[in-house]
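Undergrad: Provide a 3D model corresponding to the input given below.
(chains A and B)
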Amino acid sequence: MSSTITNQELVREHPAASGAVAEQAAALPKDEWPLWEVFTQSEQGAPHEHAGSLHAVDAGQALQNARDVYARRGGVISLWVVPGGAITASTPGDAGPFFDPGADKAYRHPQFYKVPRGVRGV
Amino acid sequence: MTSAPATPAITPAPKPAPNARFEFLLRLGDDRLVLGHRLAEWCGHGPILEEDIALSNVALDLLGQATMFLRLAGQAEGQGRDEDALAFFREALDFRNCQLAELPKGDFAFTIARQFLFDVYAVVTLDALSRSRDAEVAAVAAKSLKEAKYHVRHSGEWVLKLGDGTADSHARIQRAFDALWRYTPELFAADAIDAAMRDAGVGPDLPALRESWTALVRDVVHRATLTLPHDAPPIAGRNGRTGAHTEHLGHMLAEMQIVARSHPGATW
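TA: Now for the predicted structure:
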């Protein structure tokens, strides 16, 4: 019995003596690593849903940390990690103009309309 | 001289033939039990929360693998000992783990370097064992191999980050590899037990796996801008596989076993 394992499937590409990590480390904030938002998918075809956030120095490490923090107990088949800064969010101040107009117009909902008897497949 | 009474010859009790399959399974189980415990010592002390979880996660994988291998070992021994009896009611001399696994956890760089050396060893040996003629061993190995591949990814990425990182992280992990290298020949030093298992098609040809292991380790270590020390001779005579351990194992076992020994049979 011998082994057929190669590093290609084990450790990601990383050019020798590139200084890439050192360069990256120098660019990091000194007190805290960047924040990443994590999205998990529970089954094929299901949406990726926000699971939480974590800290990591790069996308590869964020993916590994996400695996350990949010997928270690199973129930996940796919992970996305997104730099926290890449997300543009609405603010509490937007809440009124953004969301209130949707609350009082029943005719925006399909249930508002009566379907004639005999129509199938709706 | 004729008057001197003949001294009765002291004949040692005949040694029972070693149960090769039992010993073989103990080695696999004890490596994982002891290293799993060492890793678990990081729980609550990891450098960041995420890494604390990652290390504990690997520790739990190793304890799960130890449970499976030690359960098989207990069955092979046939004396009614289960995995808990083997884990918590044996003395250091009866443990069969490699010495690499029992060394104190050191700093984070030392833990990562040791883990990387073991993780690659686990991958090449489990890969071979997953084709074992012994169906039970092959099944446990195949399940464990998936976990071990992730472990290499985790520790390998850290070797790259620490080696190719700051001057301090580079120096620390280089020092760790330098200190650990002399414990690696033991991993591939096959004795009569290993030979018997290999001949039966149950165990791997350990010396033959050394080349794949070295190539994988060397590749990552070089990419991390680190160097491997020159090969040291294997530890002469007895090693961890036959019950010879460093002074560290006894202390570790005392801590690991105290609860089970103070409250035998307790459940919670």
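Undergrad: To what extent is residue B:107 buried, counted in neighbours?
TA: For residue B:107, the count of nearby residues is 13 (other CB atoms under 10 Å in any protein chain shown). C-beta coordinates here come from the backbone N, C-alpha and C atoms, glycine included.
Undergrad: Show me the helices in chain B, by range?
TA: With DSSP state H, the ranges of helices along chain B come out as B:20-40, B:49-77, B:83-88, B:99-102, B:108-129, B:135-163, B:167-180, B:185-188, B:192-199, B:206-223, B:248-262.
Undergrad: Include mean pLDDT, distance to chain A and mean neighbour count when you put those helices into CSV, please.
TA: Below are the helices of chain B laid out as CSV (pLDDT from 0 to 100; distance: least, CB to the nearest CB, whole Å; neighbours: other CB atoms under 10 Å in any protein chain shown):
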stretch, mean pLDDT, distance to chain A, mean neighbour count
helix B:20-40, 98, 13, 25
helix B:49-77, 97, 4, 21
helix B:83-88, 97, 22, 19
helix B:99-102, 97, 19, 23
helix B:108-129, 98, 4, 25
helix B:135-163, 96, 4, 21
helix B:167-180, 96, 8, 18
helix B:185-188, 94, 12, 19
helix B:192-199, 95, 8, 17
helix B:206-223, 95, 4, 19
helix B:248-262, 96, 23, 15
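Undergrad: Out of these, flag the one nearest residue A:48.
TA: Checking the helices of chain B against residue A:48 by CB to CB gives helix B:49-77 as the closest, at 19.7 Å.
Undergrad: and the angle for that closest one with helix B:20-40?
TA: 160 degrees (axes from the mean of the first three to the mean of the last three CA atoms, to 10 degrees).
Undergrad: other SSEs contacting helix B:49-77?
TA: With contacts defined as 3 or more CB pairs under 8 Å, 6 or more residues apart in numbering or on different chains; DSSP states H and E, the packing partners of helix B:49-77 are strand A:49-55, helix A:59-70, helix B:20-40, helix B:83-88, helix B:135-163.
Undergrad: for these, which one sits closest to residue B:255?
TA: Comparing the helices and strands packed on helix B:49-77 by CB to CB, helix B:20-40 comes nearest, at 8.3 Å.
Undergrad: What helices and strands are in contact with that closest one?
TA: By 3+ CB pairs under 8 Å, 6+ apart, helix B:20-40 packs against helix B:49-77, helix B:83-88, helix B:99-102, helix B:108-129, helix B:192-199, helix B:248-262.
Undergrad: Lowest mean pLDDT among the helices and strands of chain A, which one is it?
TA: Each helix and strand of chain A was given a mean pLDDT (mean pLDDT, DSSP states H and E); the minimum falls on helix A:20-27 at a mean of 68.
Undergrad: Name the next helix or strand following it along the chain.
TA: Counting by DSSP states H and E, the element after helix A:20-27 in chain order, helix or strand, is strand A:35-41.
Undergrad: hmm, who's touching that following strand?
TA: For strand A:35-41, the surrounding residues in contact (CB atoms under 8 Å, 6 or more residues apart in numbering or on different chains) are A:47-56, A:59, A:62, A:65-66, A:69-71, A:76-85, A:87.
Undergrad: Could you check the angle that strand makes with helix A:59-70?
TA: 60 degrees.
Undergrad: distance of residue B:73 from residue B:59?
TA: Counting by CB to CB, to the nearest Å, the gap from residue B:73 to residue B:59 is 20 Å.
Undergrad: Residue B:256 touches residue B:37, doesn't it?
TA: Yes - using CB atoms under 8 Å, residue B:256 is in contact with residue B:37, at 5.2 Å.
Undergrad: Find the residue at the geometric middle of the chain.
TA: All of this refers to chain A. Geometric centre of chain A, nearest residue: residue A:39, 2.7 Å, by CA atoms, centre = their mean.
Undergrad: wait, chain B
TA: residue B:31 (2.4 Å).
Undergrad: Show me the shaky parts of chain A.
TA: Residues of chain A meeting the criterion pLDDT under 70: A:1-4, A:7-9, A:12-22, A:24-26, A:122.
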